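Chemist: Fold the following and give me the result.
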Amino acid sequence: MGRLSPEKFKSMYCFGHTLQFVVNDAVEAFPEFRSVIKIVKVIVNHFHKSAKDSHELTEIQKKLNIKQHKLKNESPPRWNSLYYLMDRIVEQREAITVVLASNGKVNNQQNHEWKTAESYVKVLKPFENVTSMMSASRFPTLSMVIPVLGVLKQQMDESEMNDFGEQICENIKERWPDYESNLDLAIPALLNPRFKEYAFTNDEAKESAVQAVIDLMYGNSVGTVELESRISRLDNLPLKQLPQALKQPL
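Modeler: Next up, the predicted model:
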């Protein structure tokens, strides 16, 4: 049991919590976002407290043929609850504007503030996508980190970047520098039958992970070519045959 002693296990930060830090740090770096968030929360709280205006909002939604969705509150422990709050208020902008213009009780957002809210939602949509991906997995594991970060990076690259988006990208690089080269992340991704070598965009990082697996399993007696050949053969097998195939020697 010596090989499984606790001191030989490394401690890894929770991926979801680190993702939350990435977003929160970016929000803190942009005062205009914090200002808009405060205004949005005032508007949302007003509709939650005022039964009359909440009813009027529903009636306006019907007249304007807008989805009859209620405004959402934020749940601070979850970064994406702020995204859902902002996404919903952007969706209901037209109806909210009509109601607030008629009662004068709460100030509506200015046009530039609405644009700031819209840009927040647009930049954070990829984060919501990957968070949903992780949540959909019954047992999210360390092997998912590289593929998920790869999807996130691709979606961010394909979106229209602004200063807020660029700050988030910098925060990701700071939290996960050269993440594909991190063997603590790369080896689990490589050994996961769902991902294997397809988890990598960096060939050098993939080859390092393959070699690390070889060293762990066989020392230096088996070459990279042999292991890659085996991975290629496993790709063509039905999933139910993989456990038995993995038991076979190279």
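
Chemist: residue ranges with poor pLDDT in the chain?
Modeler: 1-13, 76-79, 135-140, 219-250 (pLDDT under 70).

Chemist: What is the helix ranked longest in it packed up against?
Modeler: Taking DSSP state H as the criterion, the chain has its longest helix at helix 111-136. On a contact count with 3 or more C-beta pairs under 8 Å, 6 or more residues apart in numbering; DSSP states H and E, helix 111-136 meets helix 15-28, helix 31-49, helix 79-91, helix 145-158, helix 163-175. Glycine gets a C-beta too; all of them are placed from N, C-alpha and C.

Chemist: if we go to 10 Å?
Modeler: helix 15-28, helix 31-49, helix 79-91, helix 93-103, helix 145-158, helix 163-175 (3 or more C-beta pairs under 10 Å, 6 or more residues apart in numbering; DSSP states H and E).

Chemist: Please identify the buried residues of it?
Modeler: Neighbour-count burial for helix 111-136, counted by 16 or more other C-beta atoms under 10 Å, picks out 114, 116-117, 119-124, 126-127, 130-131.

Chemist: Ok, stretch 195-209 next?
Modeler: Neighbour-count burial for stretch 195-209 [16+ other C-beta under 10 Å]: Phe195, Lys196, Glu197, Ala199, Phe200, Asn202, Ala205, Lys206, Ser208, Ala209.

Chemist: Over to stretch 86-95?
Modeler: Met86, Asp87, Arg88, Ile89, Val90, Gln92, Ala95.

Chemist: How about Glu32, nearest residue that isn't a chain neighbour?
Modeler: Spatial nearest neighbour of Glu32, chain neighbours left out: Thr116 (5.7 Å); criterion: C-beta to C-beta, 6 or more residues apart in numbering.

Chemist: can you tell me which residues contact the one you found?
Modeler: By C-beta atoms under 10 Å, 6 or more residues apart in numbering, the contact list for Thr116 reads 30, 32-33, 35-37, 39-40, 86, 109-110, 162, 164.

Chemist: what about it, distance to Phe30?
Modeler: Between Thr116 and Phe30 the distance is 9 Å, computed by C-beta to C-beta, to the nearest Å.

Chemist: cool, and Phe195?
Modeler: 34 Å.

Chemist: Repeat that for Val106.
Modeler: Taken as C-beta to C-beta, the span from Val106 to Phe30 is 24 Å.

Chemist: Could you report the neighbour count for Glu59?
Modeler: 13 (other C-beta atoms under 10 Å).

Chemist: Pull up the overlap in contacts between Thr116 and Phe30.
Modeler: Any residue near both Thr116 and Phe30 by C-beta under 10 Å, 6+ apart counts here, and that gives Val36, Asn162, Phe164.

Chemist: is it true that the first one touches Asn111?
Modeler: By that I understand Val36. No. The pair Val36 / Asn111 is not scored as a contact, 12.0 Å apart, by C-beta atoms under 10 Å.
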